[in-house]
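Chemist: no FASTA, just this:
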């Protein structure tokens, strides 16, 4: 199994929809080009930000095929392969060829609310079934259960193909504990744009970003500067995005970033139910901030 470079800014790709809510493959193709041309270090496909639960199996296959073809090895490609049925996931990992995919991102099982031992056994089964490197994804705000630092470290130490965790618990002390005690070749990745800068100063290797969909050049530069130790320059960019960080998620993800991309002329402002676009008040606040950043909208 080859090592995968997760340093820098990965982008959790959105799924653009047309007015009739069909997938807008042309817009998706342009968004991939936008990422590749503006410093994004790797792409994450079919994650939370892609509205994956609302996509059909055919749509998922088409999206992966399109992005893998466009990327063509230029940057690593991580595929979201998660769920709350461990046996089904294991079967998928054993039978899917994963052509063009460099690693998988797998979320802590949601809705079931497993114990820490249940989470460990779930990922143990995934690690044993996967031919690709595995990135854990801890996001208790969505799953209803937090994967503890102890469970993360246990997995990192016992399975060589579990190579990283995307941490979106919001618990800085938990993340710092993982960073301090992790194996040398295990990476901690920010799962929250707003805390990427401070987390890198603690030893994280970067971020899997939402705002990077709209601002890949600027946010990848912030991440790179922080990793290089130029904290003053990185902090200036971080502060320039402070208000947008808040507006990104006030009406849910990916409503905020889709609103931004719509204003910038890349996509229609469409989501699939149960998600809906941002409220008018949020829409107008985002417009004001973009104009302050000299973004034409």
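Modeler: Here it is on my side, so go on. Keep in mind it's a predicted model, so treat the numbers as computed, not measured.
Chemist: when you work out contacts or count neighbours from here on, use the C-alpha atoms and nothing else.
Modeler: Noted.
Chemist: secondary structure element holding residue 201?
Modeler: Element membership for residue 201 (DSSP states H and E) is helix 196-202.
Chemist: contacts for that helix, please.
Modeler: Applying CA atoms under 8 Å, 6 or more residues apart in numbering, the contact partners of helix 196-202 are 172, 175-176, 179, 190, 206-207, 222-223, 226-227, 234-235, 238.
Chemist: do a quick rundown of the strands in this protein.
Modeler: Here the chain has its strands, by DSSP state E, at 8-12, 42-45, 77-80, 103-107, 134-138, 162-167, 187-190, 206-209.
Chemist: let's have the contacts of helix 196-202 in TSV, adding distance to residue 112.
Modeler: As requested, those are exported to TSV (distance: CA to CA, whole Å):
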residue	distance to residue 112
172	25
175	24
176	27
179	28
190	25
206	30
207	27
222	37
223	35
226	38
227	37
234	40
235	39
238	36
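Chemist: list the buried residues for the helix holding residue 201?
Modeler: Across helix 196-202, burial judged by 16 or more other CA atoms under 10 Å covers 196-200.
Chemist: ok, stretch 268-276 next?
Modeler: The neighbour-count check on stretch 268-276 (16+ other CA under 10 Å) flags 268-271 as buried.
Chemist: ranges for the helices of the protein?
Modeler: Per DSSP state H, the chain carries helices over the ranges 25-36, 57-71, 86-95, 116-129, 140-143, 149-158, 172-181, 196-202, 216-227, 231-240, 242-249, 255-263, 280-292.
Chemist: output the below-cut-off pLDDT ranges for the stretch 51-200 of the chain.
Modeler: Regions of the stretch 51-200 of the chain meeting the criterion pLDDT under 70 are absent.
Chemist: how about the strands of the chain, which one is nearest residue 65?
Modeler: With respect to residue 65, and counting by CA to CA, the nearest of the strands of the chain is strand 42-45 at 10.6 Å.
Chemist: and that closest one, how far from the chain's centre?
Modeler: Relative to the mean C-alpha coordinate of its chain, strand 42-45 is positioned 7 Å out (CA atoms, centre = their mean, to the nearest Å).
Chemist: likewise stretch 45-64?
Modeler: Centroid separation for stretch 45-64 versus its chain: 13 Å, with CA atoms, centre = their mean.
Chemist: distance check, residue 149 against residue 53.
Modeler: From residue 149 over to residue 53 the distance is 28 Å, taken as CA to CA, to the nearest Å.
Chemist: higher neighbour count, the two?
Modeler: The neighbour comparison of residue 149 against residue 53 (other CA atoms under 10 Å) goes to residue 149, with 18 against 13.
Chemist: now do the contacts for the more buried one.
Modeler: Residues near residue 149 by CA under 8 Å, 6+ apart: 174-175, 177-178.
Chemist: could you dump these to a markdown table with distance to residue 79 and neighbour count?
Modeler: Listed next are the contacts of residue 149 as a markdown table, based on distance: CA to CA, whole Å; neighbours: other CA atoms under 10 Å:
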| residue | distance to residue 79 | neighbour count |
| --- | --- | --- |
| 174 | 26 | 16 |
| 175 | 23 | 24 |
| 177 | 27 | 14 |
| 178 | 24 | 25 |
